Every structure is written in C-alpha cells, then in structure tokens.
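1. sequence-free structure coming up:
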C-alpha cells in the first residue's frame, strides 16, 4: 500500500498495530504488504474491530494467495469473524484499484485483479 494510505490508517488506528521494530513482528518491519485496492477493506475492518472492542495488536497485514491476510495476537470470535469477512471480500476485490476482481494466476503467483489491472506489473511501493 502506498505511504499516504499507510499513514491514513496508522494516524486513525495506530494503536492496533505492532509498530515497534524491536518486536520483530512483520508489521513493524514491513508495514502493509498489499496493494491500495484493499485500503477500504482494511479501513472498514479496523473500524469494525474498534467497535467490537479489539484490544490486541495487528501483527501482519499482507496478500497471500490473492487474499488479504490479517494476523493478530488475540481476538474474540466476533473479531475473528470480522477479519474472515474482510479476507473473503478481498477474494473478489482487485488488490490494485479496488474494483470487482477475481483470482488470477501467472507463473504460479496467485492474485486478485479486475480485467483492467490483469496482466499489468505492479510494485506495491509505487502504487497510488
């Protein structure tokens, strides 16, 4: 995710994220490991977790096999359900632009893209 969107999420929900690099947690070391198309999914999930009283730490946010993955240190059943719902929505949301997408595969790499973004090469650091 681009640095501007990362900053927006961390300015609003920073207390949820493990940002101390001495913890060696993936989020503290690498930040968001996904494209900007999932920004709203992440924002909405953080709002939902906040409403559900989440008091844990989000340890990693990334794309894996074309799906948004949220690793947390602990969460209630309702909070885990909210995470699973966001992850499920990412399966049909283009990771690049946020439009409706589908699972695609090139050379063994699986990702979720819309028709417009399919086949284009992206670097998560340069998106946005």
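-> Thanks, I have the structure now. Here the structure is a predicted model, which means the values were calculated and not measured.
2. in the chain, what spans have low per-residue confidence?
-> 121-128 (pLDDT under 70).
3. mind listing the strands for this protein?
-> Assigned strands in the chain, in chain order: 32-33, 58-64, 67-72, 102-106, 109-113 (criterion: DSSP state E).
4. quick one: closest of the ones you listed to residue 96.
-> Comparison of those against residue 96 by CB to CB identifies strand 109-113 as nearest, at 6.4 Å. All C-beta atoms are positioned from the backbone trio N, CA, C, and that covers glycine.
5. partner strands of the closest one, with direction?
-> Here strand 109-113 has these sheet partners by DSSP bridges: strand 102-106 (antiparallel).
6. need the contact list for the nearest residue to residue 74 once chain neighbours are set aside.
-> Leaving aside its chain neighbours, residue 74 sits nearest to residue 56 (4.6 Å; criterion: CB to CB, 6 or more residues apart in numbering). Counting by CB atoms under 8 Å, 6 or more residues apart in numbering, residue 56 touches 16, 72, 73, 74, 75, 79.
7. reformat the strands of the chain as TSV; add mean neighbour count and distance to residue 5.
-> As requested, the strands of the chain are arranged in TSV below (neighbours: other CB atoms under 10 Å; distance: least, CB to CB, whole Å):
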stretch	mean neighbour count	distance to residue 5
strand 32-33	20	8
strand 58-64	19	12
strand 67-72	20	14
strand 102-106	13	23
strand 109-113	18	17
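8. follow-up on the earlier one: now the contacts of residue 56: which count as buried?
-> The neighbour-count test (16 or more other CB atoms under 10 Å) marks 16, 72, 75, 79 as buried among the contacts of residue 56.
9. picking up where we left off before, quick one, which of the strands of the chain is nearest to residue 24?
-> Proximity to residue 24 (CB to CB) singles out strand 58-64 among the strands of the chain, at 10.3 Å.
10. ok, and what's touching that closest one?
-> 16-18, 25-27, 30, 32-35, 38, 42, 68-73, 90, 95, 111.
11. could you measure from residue 77 over to residue 83?
-> Noted for residue 77: a distance of 11 Å to residue 83, by CB to CB, to the nearest Å.
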